[in-house]
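J.: Need a 3D model of the sequence below.
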Amino acid sequence: MKVRDKVRSPCVSVCALNESDVCIGCQRTSDEILRWTSMTEEERREVLVKVAEREKKFLI
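T.: Numbering: from 1, shown residues only. Here you go, the predicted structure:
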């Protein structure tokens with residue numbers, strides 16, 4: 001696998017969970033954060049879709 005094909009972490013080094021157990025920096029749940037390093041690239045892409053949906057809700 002080429003480096004450009006690897007899914008990068010959405011972490012922005014603003015690490016704090018809100019009352020819904022979602023990081024206010026990267027919008028991942030604590031479970032998603034903990035499992036990130038053991039996820040497949042496809043699983044990471046699925047998490048990023050969820051992150052985008054959470055960001056939309058947060059901005060509205």
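
J.: Who are the contact partners of the nearest residue to C26 once chain neighbours are set aside?
T.: Nearest residue to C26, sequence neighbours excluded (CB to CB, 6 or more residues apart in numbering): P10, at 4.3 Å. From N, CA and C alone the C-beta is placed, and that goes for glycine too. The neighbours of P10, taking CB atoms under 8 Å, 6 or more residues apart in numbering as the test, are C26, Q27, R28, L48, V51.

J.: does the second one sit in a helix or strand, and which one?
T.: The reference is to Q27. For Q27, there is no helix or strand it lies in under DSSP states H and E.

J.: That one against K57, yeah?
T.: No. Applying CB atoms under 8 Å as the test, Q27 and K57 come out as separate, 9.3 Å apart.

J.: And these two? Which one has more around it.
T.: Set Q27 next to K57 and count neighbours by other CB atoms under 10 Å: Q27 wins out with 22 against 8.

J.: I'd like the distance between the more buried one and W36.
T.: Going from Q27 to W36 by CB to CB, to the nearest Å gives 13 Å.

J.: Ok, S30 next?
T.: The spacing between S30 and W36, counted by CB to CB, is 11 Å.
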